[in-house]
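> Predicted model and sequence below, questions to follow.
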Amino acid sequence: MIVIGGGIVGCAVLDRLARRNVSVLMLEGGDDVAVGASRANSGIVHAGYDCEPGTLKARFNVRGNAMIWQLAEELGVPALKCGSLVAAPVGGEEGIALLKRKADLNGVRAEVLSREQALEIEPMLADGVQSALYAPDAGVVSPYQLAIALADRAVLNGAEIVTDAPVVSLKKEGGLFVAGTPQGEFAAKLVVNCAGARASEVNALVGAETFETEFRKGEYYVLDHTERERVSTVIFPLPTAAGKGILVAPTADGNVIYGPTSSPAEEDDTSVTAEGLEEIRRNVPLTYSSPAYNKCIRVYCGVRTIVGHDFIVRPSERVEGLIVTAGICSPGLTSAPAIAEYVEELAGRYLPLANKADAVIRPPRTPRLAELSEEELNALVKKDKRWGRIVCRCEKVTEAEIVAAVHSPLPARTVDAVKRRVRVGMGRCQGGFCSTRVMEIISEELGIPMREIRKGAGHSEIALLAVKEADYEEV
């Protein structure tokens, strides 16, 4: 069986199928999993009150919310059930009431609060907020760490992942699909299309149905850890036709984010614009009383894929043995475990699936320096001196943690892949202090020269030559 695409949905599907008695392979076009929308989203675990009742979004959001907290705990992924507030101004009572009716129909716990009640949960609400909808089961999770952990567990359970392998051809011959990539051809009886932004394109390769696809970019501010104590919950404005709006939220790793915007874009347009950042600055004060842009340590942008008004998760109507997931925009992160559960059910219609008796459920986890007591750290240093060498001062990451990332079940072979696993370079200096040392460790552990080390996908080599060895007349 082949899973195409290593975003959060593809990784969740791979993880479930790897625990069954089938051979399963993932083909990912990037250098790592979680390099697209799963890398650059809000990380919100939505409660499900905003979804239109009766849709796949509502079904998978509510079920996914019920699954994701245990999943994060099993995998050791940062997650926080902090609840969410939809903050409404005077005149927003009707909008709040509509969300409450949807919540009731979707089976989601939610409560309408007065301003005074809302301030008890979030003291930093803006002065103009007069009522709110509170959903206690919402929260945040690290989206890329969740995807990586799912991929790692899948590998431990026998799955294979091939990166730098975009599917450029897909045909069906004699009951087998044959997927062509720059890494070679791969054959399987069943294909699950989790290609995200490329889902319609992949379908077209094999003659399956295609979809009109829309891309919208979302820009964000990331604030320093020092702002985390000022934000207690996820704060949304009233949603509009363009989406859930510009939020203020803690992250599972201890930062705060403002965003996202929502504007039409090309599939690969992750540029941050002055106009987008200004839109965030205009809207944040409508719900949050104390923006702190002077604490910004990074801005970034993600692109979400929209196919109609609902998710597509179904067998192809034209090609037998092809299961399609497409248009998995918000609340796709929350929905991913439930989508994977349903895809497994669909796959069971084609292939007999039985549980592996010895499947790994709780993978071994490398501890983080930031989580260790002094006694625990001293014990580790006695066994391995690399635990005593701090590489990233901002995020308190040791050489031992970086080495473990390089040799994880799905190895981190680029600087960005290491970054997503252990947060090296995600602090105030954004890698200014530690990047060269990370490159040295990758070089040492993988036995490759510095000039071959990439930042991420494609031709993103960082070190072009050794300065002291260069013949400048030839450069």
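Yep, that arrived. Residues are numbered from 1 along each chain as shown.

> Could you list the domains of the chain?
The record, using automatic domain parsing to delimit domains, assigns the chain the ranges 1-78+140-211+307-361, 84-136+214-305, 369-469.

> Output these in JSON lines; the columns should cover mean pLDDT.
Written out in JSON lines, the entries for those read as follows (pLDDT from 0 to 100):
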{"stretch": "domain 1-78+140-211+307-361", "mean pLDDT": "97"}
{"stretch": "domain 84-136+214-305", "mean pLDDT": "96"}
{"stretch": "domain 369-469", "mean pLDDT": "94"}
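
> any idea which of the ones you listed is most buried?
By mean neighbour count, with neighbours taken as mean count of other Cβ atoms under 10 Å, domain 1-78+140-211+307-361 ranks first of these at a mean of 21. Using the backbone N, CA and C atoms, a C-beta is placed for each residue, glycine as well.

> how distant is that one from the center of its chain?
Relative to the centre of its chain, domain 1-78+140-211+307-361 is centred 13 Å away, using Cα atoms, centre = their mean, to the nearest Å.

> Over to stretch 271-280?
Average the C-alpha atoms of stretch 271-280, do the same for its chain, and the two points are 22 Å apart (Cα atoms, centre = their mean).

> Identify the single longest helix in this protein, thanks.
helix 56-75 (DSSP state H).

> Would you mind pulling up the elements that it packs against?
With contacts defined as 3 or more Cβ pairs under 8 Å, 6 or more residues apart in numbering; DSSP states H and E, helix 56-75 has these neighbours: strand 44-45, strand 79-80, helix 93-106, strand 139-141, helix 143-156, strand 312-315, helix 332-347.

> Looking at these, which is nearest to residue 37?
Evaluated with Cβ to Cβ, those place helix 332-347 nearest to residue 37, the distance being 7.5 Å.

> Which is the succeeding secondary structure element to that closest one?
Tracing the chain past helix 332-347, the next element assigned as helix or strand by DSSP states H and E is helix 374-383.

> Relative to the helix or strand hosting residue 192, what are the paired strands and their orientations?
In this assignment (DSSP H and E), residue 192 forms part of strand 191-193. In the sheet containing strand 191-193, its partner strands are strand 2-4 (parallel), strand 322-326 (parallel), by DSSP bridges.

> Tell me the helix or strand right after it.
Once strand 191-193 ends, the next helix or strand along the chain (criterion: DSSP H and E) is helix 199-205.

> ok, and what's touching that following helix?
4-5, 167-171, 193, 195, 209-211, 213, 305, 307, 312, 316, 322, 324-327 (Cβ atoms under 8 Å, 6 or more residues apart in numbering).

> what about 6 Å?
Outside of helix 199-205, the residues that reach it under the criterion Cβ atoms under 6 Å, 6 or more residues apart in numbering are 4, 167, 170, 193, 195, 210-211, 213, 326.

> now do stretch 134-151
By Cβ under 6 Å, 6+ apart, the surrounding residues in contact with stretch 134-151 are 8, 11-12, 15, 33-34, 38-39, 41, 43-45, 47, 49, 65, 72, 75, 77-85, 109-111, 113, 234, 251-253, 333, 410, 420.

> Might you calculate how far that stretch sits from the centre of the chain?
Distance, centroid of stretch 134-151 to centroid of chain: 8 Å (Cα atoms, centre = their mean).

> Tell me which other helices or strands whichever strand or helix holds residue 120 touches.
Secondary structure from DSSP H and E places residue 120 in helix 115-121. The helices and strands touching helix 115-121, judged by 3 or more Cβ pairs under 6 Å, 6 or more residues apart in numbering; DSSP states H and E, number zero.

> repeat that for 8 Å
strand 84-89, strand 129-135.

> Which of those sits closest to residue 433?
Ranking these by proximity to residue 433 (Cβ to Cβ) places strand 84-89 first, at 35.0 Å.

> and the closest one, what does it pack onto?
In this structure, strand 84-89 makes packing contacts with helix 93-106, helix 115-121, strand 129-135, strand 234-237, judged by 3+ Cβ pairs under 8 Å, 6+ apart.

> chain center to it, what's the gap?
A distance of 25 Å separates the centroid of the chain from that of strand 84-89, by Cα atoms, centre = their mean.

> Give me the contacts around the longest helix of the chain.
Applying Cβ under 8 Å, 6+ apart, the contact partners of helix 56-75 are 45-48, 51-52, 77-79, 81, 106-108, 137-139, 141, 146, 149-150, 153, 310-313, 331, 334-339, 341-342, 361-363.

> Quick check: residue 409 touching residue 158?
No. Taking Cβ atoms under 8 Å as the definition, residue 409 is not a contact partner of residue 158, at 10.8 Å.

> list the contacts for residue 337?
With Cβ under 8 Å, 6+ apart, residue 337 has these contacts: 12, 63-64, 67-68, 71.

> switch the cut-off to 10 Å
Applying Cβ atoms under 10 Å, 6 or more residues apart in numbering, we find residue 337 in contact with 8-9, 12-13, 15-16, 60, 63-68, 70-72, 146, 150.

> How about residue 404?
The contact partners of residue 404, by Cβ under 10 Å, 6+ apart, come to 364-367, 386, 398, 412, 421-422.
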